[in-house]
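Undergrad: Sequence first, predicted coordinates after that:
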Amino acid sequence: MAVTITNIVNVASTAVFTASGNVAVTDILIFNTDSHTGSFFHWKLNLVPSGDSVTVNNLLFNSDGGSGFSVPIAYGSNIHVNTVSGMVANKWLLANGDKFYIDLDSTGNTSTNWSGSPAGVPLNVFVNYMSL
């Protein structure tokens, strides 16, 4: 089992994992390290096949989708992506070059920490995976 850690310090679409070879991704954890009560992000997760780009056709989850699960990332909170739906057995089998992207929406974020020095207050994304 291996782990990659990506610190997201902006709201642009960020590649948080790129498969090198065939791998099974077992869990993705997103943690908002900000202590300010106004720190709040909706988020999107895309699984992009090698050579493709982020589009609505490869969107896995949108926390502000208007119905179903709406799970924003608040200050000091964390989300296990593979348990958002309540299904703890979700695993993703990726081929070489497939990528997970996370896109943040900071519209509701009023944290002065993020606006002042976002590099010091990241969202940490942990991806657990194993080679096949």
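TA: Structure received. Numbering: from 1, shown residues only.

Undergrad: only C-alpha atoms for contact and neighbour calcs from this point on.
TA: OK.

Undergrad: quick one, what contacts the residue nearest to the spatial centre of the chain?
TA: In the chain, the C-alpha nearest the mean C-alpha coordinate belongs to Ile102, at 4.3 Å (CA atoms, centre = their mean). Going by CA atoms under 8 Å, 6 or more residues apart in numbering, Ile102 touches Ser13, Thr14, Ala15, Val16, Trp43, Lys44, Leu45, Asn46.

Undergrad: got those as JSON lines, with neighbour count columns?
TA: Compiled in JSON lines, the contacts of Ile102 are given as follows (neighbours: other CA atoms under 10 Å):
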{"residue": "Ser13", "neighbour count": "17"}
{"residue": "Thr14", "neighbour count": "18"}
{"residue": "Ala15", "neighbour count": "18"}
{"residue": "Val16", "neighbour count": "20"}
{"residue": "Trp43", "neighbour count": "21"}
{"residue": "Lys44", "neighbour count": "19"}
{"residue": "Leu45", "neighbour count": "22"}
{"residue": "Asn46", "neighbour count": "22"}
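
Undergrad: Leaving out the residues flanking it, which one is nearest to the residue nearest to the centre of the chain?
TA: Among residues not flanking Ile102 along the chain, Leu45 sits closest, at 4.8 Å (CA to CA, 6 or more residues apart in numbering).

Undergrad: Give the other helices and strands that the host helix or strand of that neighbour contacts.
TA: For Leu45, the enclosing helix or strand under DSSP states H and E is strand 40-48. Applying 3 or more CA pairs under 8 Å, 6 or more residues apart in numbering; DSSP states H and E, one finds that strand 40-48 makes contact with strand 59-62, strand 73-74, strand 99-105.
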